[in-house]
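1. here are the coordinates; sequence isn't available:
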């Protein structure tokens, strides 16, 4: 009498464990949110390659992001667009240069450990670069790549952090600074919502 009961309990426990294992967190679908970044930015120009790189003033950069993910077992992939507001300055007087907002479009590939998603990204970035005194006004563009992790608080909300590196280039033949490069590293904290 006792043996069939034990067998039934064991079968129920095994079925329950298997069902729980299959109910991993689903990262697929649309999402969006807000971010806050600390950005380290330098620029250089090729008219005098011996000049050291010039650091911009470090500032916190708020932003927004949105994307869509697909999931196949634990493999997660998709695309994300983000826009970060930044108003950095470097130099003084007629040689004061400024950076504006940056927009990034990135492909993401990651691996989900249930409610933790670790991912890498690569994409294209564009940022405003200008001077009010020298004839320089350009949208500098280039590659961006990074690493990040997100943690799902519940089915609709997640928090995360990521690091991205961007290398952007521009040119202006009418200016003394006829070619320039901007490199930056950004560390972002993210708060996101799934739809």
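-> Thanks, I have it. Computed from a predicted model, the values in this text were never measured in an experiment.
2. give me every residue that touches the closest residue to residue 146 other than its chain neighbours.
-> Leaving aside its sequence neighbours, residue 146 sits nearest to residue 164 (CB to CB, 6 or more residues apart in numbering; 3.4 Å). C-beta: built from backbone N, CA, C; applies to glycine. Residues in contact with residue 164 (CB atoms under 8 Å, 6 or more residues apart in numbering) are 104, 121, 144, 145, 146, 185, 186, 188.
3. mind running it again at 7 Å?
-> Counting by CB atoms under 7 Å, 6 or more residues apart in numbering, residue 164 touches 144, 145, 146, 186.
4. okay, now the unreliable bits of the protein?
-> Applying pLDDT under 70 to the chain flags the ranges 1-24, 45-59, 88-96, 131-138, 171-179.
5. make it 80
-> 1-24, 41-60, 86-100, 128-139, 169-181 (pLDDT under 80).
6. where along it do the strands fall?
-> All strands of the chain, identified by DSSP state E, fall at 29-45, 54-55, 60-72, 75-84, 88-90, 97-113, 116-131, 136-152, 157-171, 179-194.
7. one step back: greatest separation within the contacts of residue 164: which pair is it?
-> For these, the farthest-apart pair by CB to CB is 145 and 186; their separation is 11.5 Å.
8. higher neighbour count, the two?
-> With neighbours defined as other CB atoms under 10 Å, residue 145 and residue 186 compare such that residue 186 has more, 23 against 16.
9. I figured that one hits residue 39, correct?
-> Yes: at 4.6 Å, residue 186 counts as touching residue 39 under the criterion of CB atoms under 7 Å.
10. overlap in contacts, these two.
-> Common contacts of residue 186 and residue 39 (CB under 7 Å, 6+ apart): none found.
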